Structure formats: structure tokens, C-alpha cells
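1. structure for this input, please:
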Amino acid sequence: MEEEKKTSLLRSTMNYGAMLGLALIIYTLLLWMLDKTGHTGLGLVSYLIMIVGIVLATKSFRDQESGGFISYGRALGVGTLTCVFAGIITSFFTYLLFTVIDPGLMDKTYLMMEEAYYDAGMTDSQIEVAMDMAKRFTNPVMMAVFGVFGSAFMGFIFSLITSIFLKREADPFESDVV
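-> Residues are numbered from 1 along each chain as shown. All right, here's what the predicted structure looks like:
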């Protein structure tokens, strides 16, 4: 019985993680085609997509796999796992985007970072140090690795909030056991 619950949880979160990952990839491709990659305001929409994915995954698991009930902790786990699987998929895509689809995108990213540093009022020497540090951590491989962890972290944070509203505990007094 416990093994069946784990299998059900993994299957459900993998399915919804794949759907969420696909939705985030489509949104990323749309931003890339419109040359809006790195736009902060539009980037925040991806968080909204994540929240919708978490809510749909948790509701589906609660209603279809868990008999209409789900504890706060289980809801938190469903949302976080969904985002972990989505993060794996989107990180793989991010790596492909920066290495195969548009290898020049990394240079564009560096230029946007440098421009943001100038706008922040940093001196040339500060910008040079900051760019050296940034280039160590913003290559396609590191972006993919951080993408998985970032997705898991944001999924955890969003799930902390959504689980409050999606939990539905069974009434302990309505038991079939006599």
C-alpha cells in the first residue's frame, strides 16, 4: 500500500512536472523569439506559470490519487517535486538554448549584465571584477545546474503558500472503522 502511494506520487509529480516544464520551455522560446530574454518583468511571468503548475498538480493529486484529501506536508511535497522535475527538463532546455540553438545568447546576457552594472553606478574596475565573477558562474552548464536547484527552491517557497489553501484533511470522526 505504501509503495503504491509512492509510485502514485512520483507518477503524478513527474507528469505534472513534464507539463510544467513544457509550459516554461514554450514561454522561454516565446521570449527568445521576441528578443525579450532577460527582461525582468516578463521573466516574473514564469513564476506565475510555476504557481499555476503547482496548484494544478496538487489539486489533481488530492482529488484523483488521494481520495479528495491531502495534508499540508503532502501538498508541499507534491508542489516541490513537481518543480524539481520541471526544473530538470527546463535546465536541459536552457543548456541546449545557450549551446546549440543560440550560442550568441551568452554574449548578449553578459552585455545586459554589464549594462545593468553601469546603470547601478558601478565604476569600471568594479564592473570588471563583477563580470569576471559572473562569467565563472553564468555559463550554460552552471546555469543548468543552478536551474534545477533554483526551480526546487522556488517550488518549495511557492508550495509553502499554495499548500495552505489546497490542503484538505479528512475528518477523523468520519471513519469507516467501528
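2. ok, and the closest non-adjacent residue to the residue most central in space within the chain?
-> Centroid-nearest residue in the chain: residue 151, 3.4 Å away (criterion: C-alpha atoms, centre = their mean). In space, and not counting its chain neighbours, residue 151 is closest to residue 87: 2.7 Å by C-beta to C-beta, 6 or more residues apart in numbering. The C-beta positions use only the backbone N, C-alpha and C, and glycine is treated the same way.
3. surely that neighbour and residue 146 touch.
-> No. Using C-beta atoms under 8 Å, residue 87 makes no contact with residue 146, being 9.8 Å away.
4. by mean pLDDT, flag the weakest helix or strand of this protein.
-> Least confident element among the helices and strands of the chain, by mean pLDDT, DSSP states H and E: helix 40-43 (a mean of 84).
5. for the record, mean pLDDT for the helix or strand just after it?
-> Where DSSP states H and E defines the elements, the next helix or strand beyond helix 40-43 is helix 45-60. Computed over helix 45-60, the mean pLDDT rounds to 97.
6. what kind of secondary structure is residue 36 in?
-> Following DSSP: H, G, I helix; E, B strand; the rest coil, residue 36 is assigned to coil.
7. ranges for the helices of the protein?
-> 2-33, 40-43, 45-60, 72-96, 105-119, 124-137, 140-166 (DSSP state H).
8. pick the most deeply packed of those helices.
-> Counting by mean count of other C-beta atoms under 10 Å, helix 72-96 has the highest mean neighbour count of the helices of the chain, with a mean of 22.
9. report the angle between it and helix 140-166.
-> Angle of helix 72-96 versus helix 140-166, following axes from the mean of the first three to the mean of the last three C-alpha atoms, to 10 degrees, is 150 degrees.
10. now for helix 72-96, which elements pack on it?
-> Here helix 72-96 touches helix 2-33, helix 45-60, helix 140-166, going by 3 or more C-beta pairs under 8 Å, 6 or more residues apart in numbering; DSSP states H and E.
11. what's the shortest one in contact with?
-> In other words, helix 45-60. Under the contact criterion C-beta atoms under 8 Å, 6 or more residues apart in numbering, helix 45-60 has outside partners 12-13, 16-17, 19-20, 23-24, 27-28, 70, 75, 78-79, 82-83, 86, 151, 154-155, 158-159, 162-163, 166.
12. kind regards, and thank you for your time.
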